[in-house]
Structures are given as C-alpha cells and as structure tokens.
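**Student:** generate a structure from the sequence data that follows.
(one chain, ligands or ions: 2)
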Amino acid sequence: MIIATDRDMRDFGRSFAQGLKASDWVAINGPLGAGKTVLCAGILSGLGYTGEVASPSYAIVHSYEPPEVSVAVAHVDYYRLNNADELDELGLSNERAERITLVEWAERFGSGYVVPSHIIDIVPQTDGSRILTLKMEQNDTPY
Ligand SMILES: Nc1ncnc2c1ncn2[C@@H]1O[C@H](COP(=O)(O)OP(=O)(O)OP(=O)(O)O)[C@@H](O)[C@H]1O
Ligand SMILES: [Mg+2]
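**Tutor:** Ligands and ions are numbered 1, 2, ... in the order given. So this is what the prediction gives:
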C-alpha cells in the first residue's frame, strides 16, 4: 500500500496494532529514515501509549509495560547490534516471548533467527511517500 505522509504511517501503525497479540514478532525493514520508528510510534499509540517514542538504536531495546500499554512491548533496533549473541545478553532470546516484539532492521541477522509473525517492508519513493508491504505468517489470524 502507499503511505503518503508520516501522519499516515502513524495512523497505519495504530490500526495495525489492533490486530497484534502478545507473542507476535514484527520484522520491520527499510533503509535509514524509511519511517520504521514512526511506524513503531503508531503501533505503541494504538496499544495505548501516550508518551514520546524515541528510537531504540542506542539502547537497542526499549521496553514498555502495562499499564502504559495494553500489552507489553519490546521495541528493538538491530542497527547497532554487532552480532546475534548480543541479543541473549539483552534478554532478547530467539523465543517468541509473551509480549509484542517490534524489530527495526530485522533483516540484519537473517530470517532464520526468529520466525516473524509479520514482516513489513518500507520502500521510500522519490515523492516522499512510502510503499509498505505487509506479509503475515500463514496460520496467523488476519487483523
Ligand atoms: N510517508 C512517510 N512515512 C513515514 N515517515 C515519513 C514519511 N514522509 C516523511 N517521513 C519522515 O521520515 C522520517 C522517518 O524517520 P524514522 O526515524 O521513523 O526512520 P527509521 O526508518 O526508523 O530510520 P532508522 O533506520 O534511522 O531507524 C521522519 O522524520 C518522518 O517524519
Ligand atoms: Mg528507527
């Protein structure tokens, strides 16, 4: 689908969030500045979070817990991660946990590490819009 503005990206995130459940693991791919963090901010907003969402690229993971969100969320960014072993040190094992996991730059460690429930690819266009593609795991219920 075509996402014309950053506001539309946030709105998409908000409605996409309504179909997510604890244990979902969302891979979010796209180049620098594609809008991955804007999308995650929209998803967090859809889960009830009212604060500012900062990029987790330095901390690698930002955790959100109820009651600030309806379901626990780990907002992760693999951009500055050097190797997959660091994920264990950060408590981000390859098991699907009882929380929603949103991963920017998920493709950096290949698709074999975790099987995502959703894969979102964002491709910036020259006019500032973004082409967003959503793939879901086959046996996940559509939102
Ligand atoms: N159609 C659009 N969708 C999303 N963001 C847009 C759009 N048009 C402009 N923007 C702007 O692009 C920027 C996207 O920044 P964002 O931090 O979300 O990117 P990112 O993919 O997370 O980058 P990084 O790889 O550094 O983590 C924001 O400043 C946002 O306002
Ligand atoms: Mg980002």
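
**Student:** so what's the residue count around the residue in the chain that ligand 1 sits nearest to?
**Tutor:** Nearest residue of the chain to ligand 1: Gly35, at 2.7 Å (CB to the nearest ligand atom). From N, CA and C alone the C-beta is placed, and that goes for glycine too. For Gly35, the neighbour count with other CB atoms under 10 Å is 24.

**Student:** name the nearest residue to it, sequence neighbours excluded.
**Tutor:** Counting by CB to CB, 6 or more residues apart in numbering, Gly35 lies nearest to Met9, which is 4.8 Å off, once chain neighbours are set aside.

**Student:** checking my notes, that neighbour in a helix, right?
**Tutor:** Yes - counting by DSSP: H, G, I helix; E, B strand; the rest coil, Met9 is located in a helix.

**Student:** how close does it get to Tyr58?
**Tutor:** Met9 sits 22 Å away from Tyr58, going by CB to CB, to the nearest Å.
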